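# Quick check, what structure comes out for this input:
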Amino acid sequence: MLLYSPKRLRQCSAHSKRSINTTDQLILQYSQKYYWLQPALPSFNEVTKCNGARSRSRGIEIAKRKGAKYRLGPELEICGYGCSDHYFESDTNLHSFQVLAKLLDSPVTQDIICDVGMKVLLIRPKMALANEGNYREMRWFTPWQRTRTIEEYFLPRMIQELTKQETVPIGDAVLATQDTCIGSEVCEELWTPYSPHIEMGLDGVEIFTNASGSHHTLRKAYTRVDLVNMATSKNGGIYVLANQKGCDGDRLYYDGCAMISVNGAIVAQGSQFSLDDVEVLTATLDLEDVRSYRAEISSRGLMASRANPYPRVKVDFALSCHDDDADAVSEPIQWQYHSPEEEISLGPACWLWDYLRRSQQAGFFLPLSGGMDSSSSACIVYSMCHQVCLAVKNGNQQVLADVRKIVYNDAYTPEDPRELCGRIFTTCYMASENSSEATRNRAKELAKQIGSYHINLNIDGAVKAILGIFSMVTGRTPQFRTHGGSGRENLALQNVQARVRMVLAYLFAQLSLWSRGIQGGLLVIGSANVDECLQGYLTKYDCSSADINPIGGISKTDLKSFLQYCIEHFQLAALISILKAPPTAELEPLADGKMTQTDEEDMGMTYAELSVYGKLRKITKAGPYTMFCKLINIWKEVSSPRQVAEKVKHFFRSYSVNRHKMTTLTPAYHAENYSPEDNRFDLRPFLYNTAWSWQFRCIDNQVLKLESEEVQNSLEDLD
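Below you'll find the predicted structure:
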């Protein structure tokens, strides 16, 4: 069934790029042993301008120069993974085939098997669609359900004219070359309980390719690497994975991690975060290593003897070389993982860069309060400036061209991150009569150390003007709680300050560069973390309302660790005092010039508790009663069942009262699987019965039962 020709497999190439949309994989040629990854996804508009064809051609050229015989690209490579409802439009299909036609008409796709290019050998449809979390593939596509079955697919006339083919096989099949057999998986299929590579491996497939569109979350790389290694550790084989890299126009960042694994061991690793458009990995592999590995597993041989065969598309092409001593075989390597702090520093920064250059704005504007959250957003922008300078230093001409376009200077070359930060990043401390000198100084010092253009202003005049209008109409003047006002008055006065800051943020974002004689406008950056969003500890349409939010999917706990990392990695000593200060909104009057209001006191829960609630609610799928049952064991050393019950009920009251705020939440970088983001990831009602009467009654009954049992046990101990 397999053609066991030369031993040495030449380089394999996997190309990953700003993606294109199609659930079918066009398999066209196989390459030598290196993996090619392209790190960003082109937008739909870019594809219609044929930028997608040019960048793919460039990637294939690099692969061929490195001696590749097979080139793998990411999922939905031509049109982009993030087209969403544009998939319903016939233009998407038309323009994708136009890009494919350009590739087919180019000599670059000759003498290499590609997943786009050359004569079309096979269309391998996706068989398992991602339909959970952020994914909605079944909204636009239908999975191929006929296993080990192929049909004839009539190619569009523009393709027929180029390839001289009228039809091509489509279905669940594999490629048989002169020397090996290649099977294909598409992204989600690797993550399913019964992945296609299992049966394909038993049927003799030696090389598995995966065109992936997998987005970043913190610590996800561990799972991805484990899945790839496990795919070949039991069954043997070579696994090549290409993933998208970059912002595809929404809340997700696709984080690359291209890799090649042989018999359960990684032999080539691609970068996870990078501003490069094209990345190429190379690995020299020996097919005999796969065959000898499999030969030793007797149980595999027995299972393979019962395996049903796959349809094979024969390819008169060899992947391996005839000279067994041509190249040294690549040895296993240890995967180098980023720490969560590094992931926060790099992932959102790359996402911000893609957003900035594609939005054609001149930089960012951030209300910098001197607190931990806004400081985290500032540090991510500073990290972005570091990555831009590093990319330019390493010769990335595309990044250099983008920077020059952003700063409106064709002669500019960024060398110092602080200097670049001063050009494209404006921070602003918006003081009020409730602000402390301590936060003002902390904001000023951090801005100085990262190099941002910093503004100090006072909002009291605007706040008093708004309250004056209210008093003129109603004849009443609201007071803070500390001045004898009610809770309603106190909250309203805090919200006026917060919302004035949002209005001023957008005003200064639009006109601050104009006032300095500089072209362009600025994107407003938000800084509400995932825990505050979950609990609703933010004012609707305050400074949490922005254009984008790099930390909206990150927990307070992780942000603390990230700022500690920035102190050491970027030498930002100003963060030391920011970390030591208790989080506060500074919206209520000070006592003798000192802060009296803290976030955790306002919320009635700690940030550590909020993280636990968030993970149980979303990841464990726990409602109030289930959460209570789990927490009485988790917190049994520090809280009684009655105390746990009160904590859980307080959280769900706060969560349900404030859930409506998620409907207007600023688009945020998706980084945690317990994100409460309402747009796509966490679909819940925004109008609740906040009494939770049935659920809370069940909790109360369980508390009484546990307390009764505890009393009974105590009496028995006395006896």
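# so residue 708 is in which element?
Per DSSP states H and E, residue 708 falls inside helix 693-718.
# what's the offset of that helix from the middle of its chain?
44 Å (Cα atoms, centre = their mean, to the nearest Å).
# Going by neighbour count, list what's buried in that helix.
Residues of helix 693-718 classed as buried by neighbour count (16 or more other Cβ atoms under 10 Å): 695-696, 698-699, 702-703, 706. Heads up, the C-betas are built off the backbone N, CA and C, glycines and all.
# Would you mind putting these into TSV with distance to residue 665 and pLDDT alongside?
Output for those, formatted as TSV (distance: Cβ to Cβ, whole Å; pLDDT from 0 to 100):
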residue	distance to residue 665	pLDDT
695	25	95
696	27	96
698	31	96
699	29	97
702	34	96
703	34	96
706	37	94
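# Name the single longest helix found in the chain.
The longest helix of the chain (DSSP state H) is helix 487-515.
# Remind me what the helix or strand hosting residue 646 packs against, helices and strands.
Assigned by DSSP H and E, residue 646 belongs to helix 641-658. With contacts taken as 3 or more Cβ pairs under 8 Å, 6 or more residues apart in numbering; DSSP states H and E, helix 641-658 sits against helix 530-535, helix 607-614, helix 624-634, helix 693-718.
# what angle separates that helix from helix 693-718?
170 degrees (axes from the mean of the first three to the mean of the last three Cα atoms, to 10 degrees).
# what helix or strand does residue 222 sit in?
Going by DSSP H and E, residue 222 is part of helix 220-233.
# meant to ask about residue 268, not that
strand 265-269.
# helices and strands around the helix holding residue 708, which ones?
For helix 693-718, the elements it packs on are helix 624-634, helix 641-658, judged by 3+ Cβ pairs under 8 Å, 6+ apart.
# Of all these, which one is nearest residue 469?
Shortest separation from residue 469 across these is recorded for helix 641-658, at 27.0 Å, computed as Cβ to Cβ.
# Alpha carbons of the closest one, in CSV - could you do that?
Extracted C-alpha coordinates of helix 641-658, given in CSV (Å, rounded to 0.1, in the frame of the first residue of the first chain):
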residue,chain,number,x,y,z
PRO,A,641,-20.5,26.4,54.8
ARG,A,642,-22.6,29.4,55.9
GLN,A,643,-19.8,31.8,55.0
VAL,A,644,-19.3,30.1,51.7
ALA,A,645,-23.0,30.4,51.0
GLU,A,646,-23.0,34.1,51.6
LYS,A,647,-19.9,34.6,49.4
VAL,A,648,-21.5,32.7,46.5
LYS,A,649,-24.8,34.4,46.8
HIS,A,650,-23.1,37.8,46.9
PHE,A,651,-21.1,37.0,43.8
PHE,A,652,-24.2,35.8,41.8
ARG,A,653,-26.2,38.8,42.8
SER,A,654,-23.4,41.2,41.7
TYR,A,655,-22.8,39.2,38.5
SER,A,656,-26.5,39.1,37.5
VAL,A,657,-27.2,42.8,38.4
ASN,A,658,-24.3,43.9,36.2
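# How far away from the center of its chain is it?
For helix 641-658, the distance to the chain centre is 30 Å (Cα atoms, centre = their mean).
# Buried ones in it, by neighbour count?
641, 644-645, 647-656, 658.
# just so I know, which of the helices and strands packed on helix 693-718 lies nearest residue 363?
That would be helix 641-658 among the helices and strands packed on helix 693-718, by Cβ to Cβ, at 32.0 Å.
# which regions of the stretch 251-400 of the chain sit below the pLDDT cut-off?
Residues of the stretch 251-400 of the chain meeting the criterion pLDDT under 70: 323-326.
# Can you get me a residue count around residue 164?
Counted by other Cβ atoms under 10 Å, the residues lying close to residue 164 total 8.
# quick one: it and residue 107, what's the gap?
Using Cβ to Cβ, to the nearest Å, residue 164 is found at 16 Å from residue 107.
# Same question for residue 706.
Distance from residue 706 to residue 107, by Cβ to Cβ: 76 Å.
# Can you classify residue 346 by secondary structure?
Here residue 346 is recorded as helix under DSSP: H, G, I helix; E, B strand; the rest coil.
# Show the contacting residues for it.
Contact partners of residue 346, counting by Cβ atoms under 8 Å, 6 or more residues apart in numbering, are 272-273, 338, 383, 387.
# Residue 302: neighbour count?
10.
# ah, wrong one, I meant residue 234
Residue 234: 14 neighbours (other Cβ under 10 Å).
# before we move on, could you check phi and psi at it?
With angles defined as degrees, to the nearest 10, residue 234 sits at phi -90, psi -30.
# ok, residue 297 - how many residues close by?
By other Cβ under 10 Å, neighbour count at residue 297 equals 14.
# Look up how far residue 206 lies from it.
Separation of residue 297 from residue 206 (Cβ to Cβ) stands at 14 Å.
# picking that back up, what's the average pLDDT for the helix holding residue 222?
The pLDDT scores in helix 220-233 average 96.
# and the next helix or strand after that helix, how far from the chain's centre?
Using DSSP H and E, the helix or strand that follows helix 220-233 towards the C-terminus is strand 238-243. Mean C-alpha position of strand 238-243 versus that of the full chain (Cα atoms, centre = their mean) differs by 19 Å.
# same for strand 238-243, what does it pack against?
By 3+ Cβ pairs under 8 Å, 6+ apart, strand 238-243 packs against strand 12-14, strand 36-37, strand 207-212, helix 220-233, strand 259-262.
# neighbours around residue 484, how many?
Residue 484: 8 surrounding residues under other Cβ under 10 Å.
# what does the one 10 residues further on give?
Summarising burial for residue 494: neighbours were counted as other Cβ under 10 Å, giving 21.
# Now do the contacts for it.
539, 585, 587-588.
# go again using 10 Å as the cut-off
Residues near residue 494 by Cβ atoms under 10 Å, 6 or more residues apart in numbering: 434, 480-481, 539, 542, 585-588, 597, 602.
# Just the pLDDT for residue 74.
Taking residue 74 on its own, its pLDDT is 84.
# if we can go back for a sec, ok, of the contacts of residue 494, which come out buried?
434, 481, 539, 542, 585-588, 597, 602.
# Pipe the residues you listed into a markdown table and attach pLDDT and distance to residue 322 per row.
Formatted as a markdown table, those follow (pLDDT from 0 to 100; distance: Cβ to Cβ, whole Å):
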| residue | pLDDT | distance to residue 322 |
| --- | --- | --- |
| 434 | 92 | 78 |
| 481 | 91 | 84 |
| 539 | 91 | 71 |
| 542 | 89 | 69 |
| 585 | 77 | 71 |
| 586 | 86 | 74 |
| 587 | 85 | 75 |
| 588 | 86 | 79 |
| 597 | 70 | 76 |
| 602 | 86 | 73 |
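# just checking, which of these belong to helices?
Using DSSP H, the buried ones among the contacts of residue 494 in helices are residue 602.
# from the buried ones among the contacts of residue 494, which single one is nearest residue 488?
Nearest member of those to residue 488, counting by Cβ to Cβ, is residue 481, at 10.0 Å.
# tally of neighbours for residue 458?
Counted with other Cβ under 10 Å, residue 458 comes out at 13.
# Mind pulling up the pLDDT for the closest residue in space to it that isn't next to it in sequence?
If the residues on either side of it in the chain are set aside, residue 458 comes closest to residue 431, at 4.9 Å by Cβ to Cβ, 6 or more residues apart in numbering. Residue 431 carries a pLDDT value of 96.
# Just give the number of residues close to residue 431.
19.
# That'll do, ta.
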